[in-house]
Structures are given as structure tokens and as C-alpha cells.
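[1] Structure for this input, please:
(one chain, ligands or ions: 1)
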Amino acid sequence: MSDLKIAVVVGSTRPGRKGRAVAEWVLARAGGRPGARYELVDLLDFPLPLLDEPMSAKATGADGYTHDHTRAWAAKVAEYDGFVFVTPEYNHSLSGTLKNALDFLYEEWNNKAAAVVSYGAAGGVRAAEHLRGILSELQVAHVQQQLGFSAFTDFVDYRTPEAALAPTDIQRAFADTMFAQLETWAGALRSVRAAAATAAGPQDTERGDKRAEDTRRATPWAVMATFDVKEGCEEEWSRLVQDVIDEMRHEKTFISTSMCRRPDEPGKFLLFEVWADRAEFFATQVNREYRRPLMERLPELTRSPVVFDEWTEIRADHAVHVRR
Ligand SMILES: Cc1cc2nc3c(=O)[nH]c(=O)nc-3n(C[C@H](O)[C@H](O)[C@H](O)COP(=O)(O)O)c2cc1C
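    The predicted structure follows:
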């Protein structure tokens, strides 16, 4: 099972809304897919006022948020690699609630993937088109396949509180295509996010905060660790190292890693980690709790002390290596 996380966002909040039923159908249809874990995110659970931040999220970055409700929403959105936005059509556009929730944030959306599910008297297609324009501005890659449900033909008991979605076979098949496209792009965009954390991307140009400056200045830096692993301990060593990799690749300053074995000497391994900022690595990363199990076991698992070597990266076309 992939560790990609995708949020199915319920984009309407009014009493009597049908959005929750649509989102629940989407969630159930996506359930059990090996390509990602899907979760419901209901905007009712993140009550945001009309945008009340003094500066735009694009201008300040997350450091500029002044309200707890913004920080709570940002933390939730930051958890996900991709989104299925479930939006009604209100007056030929998406819901104001969803537009407002999108406007609150910027970098938490950037370089992620999304799919659009709309519904309404006419399938919500105009809402979907407006939503796609907004997603482009937020640097969200929106996949081709979308779903549009008619209030007249795709629901059972639409006018009652028990209204449920009743899609056709074709719509079910389209949903599976949509999930597949979304998972592919959500996975690919992880490495884009890692690279963007170091490169001075256009998304940073309006931002004057120190953190962005520091990131721009930082030279990608690498540490190479060579291990001489005892016979019979290779499997445990490999598992512990991969547990570290699975955690560290979510770090903002992480760029890439490579794990290699010397072909003619079975116990000789190499771990190459590339990070955005050497100082931050030594101040923060080396002390991460998730490194502890490996560090504690190393004296038992290796024949000789680990050799660490520092390098400075010359090319910046990073690729992230992940365990599948
Ligand atoms: C304020 C409002 C405006 C609407 N405008 C449209 C519209 O322009 N086109 C359309 O197809 N349906 C329109 N509808 C119908 C909604 O798409 C439909 O009621 C849908 O169930 C609303 O989503 P919700 O139940 O999750 O709030 C509108 C509904 C509301 C409440």
C-alpha cells in the first residue's frame, strides 16, 4: 500500500447540503485502492471566517499566519499529497465556502495534485471549470478526468435529507480513471516539492521573509555514510535505514537520498543524503527521534564505526528515492 495521502474535501457546508453524500460516495469508491489512502476532510470541521488574514498567504508564507484557525487549516492541508475537491454549483461557480478555504493558504497547496467532482442541476460543470482556474493559480496540478453529477438523475431521494448518490456504471468507471490519474500525479509531485524547497522558485519572489531567503542561499549539501554491516544483520540494518528514509523524506529541507550496496563486498553499504541546509541538518535533523532506533542498534549491527563524509552538490536536478 502506497503511503500517499489524499483528502476528499467536502466543499459545501449549508444545512441540508448534498455535498457530504457525494463525498462519502467518492471516499467509499476509493476505499481499498493500493495507490493511496483517502480521507474525508469536511469544511464544517474547519470553520473559517471570511478571509481575515492581513496579508495573502502567497506574500507571507506560513510564517505570516496570524490566526489559529488559519494554522489549523494549514496543518490539515499540509498532511496531504493530493485532493479530490467535491464542489456544488452555486450561481454558475463553486461554493463560496470552498473558494474561501482555498484562498486562506498558498504553499500548502503548491505542487500537489487534485481531481474535481462537481454536482448541481446541470452537473456542476461551470463550478468545475472555475475551480480549475483557481487551482492553476495555486500551483495545483488538476487531472483531466472529472465527475459531474446531476441533481435530477444521479441521486436517489434528492429532495430529502436521506439523499444518496446513485452513479451510473460509466461514472463509476470514470471515478476509477480519475483516482488513477490523481495517484500518479500526486506521487510524481512529491519530488517536485522536495526540489522546490531548495530552488528559488517563482512562488518565493513576493516573499521577503528570512526563511525563504535562507532557503535560497543554502547550497544543497550531502552527507555520505558508509557502513560495514555484520553478516546476518543486513536485513535489520536495511529495515532500520528505510524507516529513517520514510520519515525524513517528509522534512522540508530534505532533497534526496540513495541507498547502495557494494556488489563485491556483501556487507558494505552506502547511504547518500542530500539536504538543503547543512546548519539546519546538524541543528535539527540529526537529533530527530526517528533516527534513534537505527543509531542505537548500529554498534551491534556493524563491524566498524560508520564513516561519514561531507559533499556539496553541483547539479540540482534532484530525484527523490522512496521505498514502494
Ligand atoms: C445558492 C444556490 C445557487 C445555485 N445555483 C446553481 C446553478 O447556478 N447551477 C446549477 O446547476 N445548480 C445550482 N444550484 C443547485 C445546487 O447545485 C444544488 O442544490 C446542490 O445540491 C447544492 O449543493 P449542496 O447541497 O451541497 O449545498 C444552486 C443552489 C444554491 C443553494
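[2] which residues in the stretch 51-200 of the chain form strands?
    In order along the chain, the stretch 51-200 of the chain carries the following strands (DSSP state E, counting those that start in this stretch): 82-88, 112-120, 140-142, 147-150, 155-156, 164-165.
[3] Which of these sits closest to residue 180?
    Set against residue 180 and scored by C-beta to C-beta, the strands of the stretch 51-200 of the chain come closest in strand 112-120, at 10.2 Å. In this view, the C-beta of every residue, glycine as well, is placed from N, C-alpha and C.
[4] Turn the strands of the stretch 51-200 of the chain into a markdown table, columns for distance to residue 94.
    Shown next, in a markdown table, are the strands of the stretch 51-200 of the chain (distance: least, C-beta to C-beta, whole Å):
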| stretch | distance to residue 94 |
| --- | --- |
| strand 82-88 | 4 |
| strand 112-120 | 8 |
| strand 140-142 | 13 |
| strand 147-150 | 13 |
| strand 155-156 | 19 |
| strand 164-165 | 18 |
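[5] JSON lines for the ones you listed, including mean neighbour count, mean pLDDT and distance to residue 31?
    Converted to JSON lines, those look like this (neighbours: other C-beta atoms under 10 Å; pLDDT from 0 to 100; distance: least, C-beta to C-beta, whole Å):
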{"stretch": "strand 82-88", "mean neighbour count": "27", "mean pLDDT": "98", "distance to residue 31": "13"}
{"stretch": "strand 112-120", "mean neighbour count": "26", "mean pLDDT": "98", "distance to residue 31": "15"}
{"stretch": "strand 140-142", "mean neighbour count": "21", "mean pLDDT": "98", "distance to residue 31": "22"}
{"stretch": "strand 147-150", "mean neighbour count": "22", "mean pLDDT": "98", "distance to residue 31": "16"}
{"stretch": "strand 155-156", "mean neighbour count": "16", "mean pLDDT": "95", "distance to residue 31": "20"}
{"stretch": "strand 164-165", "mean neighbour count": "18", "mean pLDDT": "94", "distance to residue 31": "15"}
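[6] I'd like to know which of those strands is closest to residue 24.
    strand 164-165 (8.1 Å).
[7] who does the closest one touch, helix- and strand-wise?
    helix 19-30, strand 155-156 (3 or more C-beta pairs under 8 Å, 6 or more residues apart in numbering; DSSP states H and E).
[8] Which residue lies nearest the spatial centre of the chain?
    residue 81 (2.1 Å; C-alpha atoms, centre = their mean).
[9] distance of the nearest residue to it once chain neighbours are set aside from residue 297?
    Once flanking residues are discounted, residue 81 sits nearest to residue 186: 4.3 Å by C-beta to C-beta, 6 or more residues apart in numbering. Using C-beta to C-beta, to the nearest Å, residue 186 is found at 33 Å from residue 297.
[10] Same drill for the two, tell me which one is more crowded.
    residue 186 (25 against 14; other C-beta atoms under 10 Å).
[11] In this structure that one contacts residue 3, no?
    No: with contact defined as C-beta atoms under 8 Å, residue 186 does not count as touching residue 3 (11.0 Å).
[12] Tell me how many other residues crowd the closest residue to the ligand within the stretch 151-300 of the chain.
    Relative to the ligand, the nearest point of the stretch 151-300 of the chain is residue 151 (5.3 Å; C-beta to the nearest ligand atom). When counting by other C-beta under 10 Å, one arrives at 18 neighbours for residue 151.
[13] now do residue 13
    So residue 13, with other C-beta under 10 Å, has 20 neighbours.
[14] on that earlier part again, quick one: residues contacting the residue nearest to residue 81.
    The neighbours of residue 186, taking C-beta atoms under 8 Å, 6 or more residues apart in numbering as the test, are 4, 6, 36, 81, 82, 112, 113.
[15] Residue 29 too?
    Applying C-beta under 8 Å, 6+ apart, we find residue 29 in contact with 172, 175, 176, 179.
[16] could you list every residue that touches the second one?
    Contacts were defined as C-beta under 8 Å, 6+ apart; by that measure residue 175 touches 26, 29, 30, 147, 167.
[17] No more questions from me, cheers.
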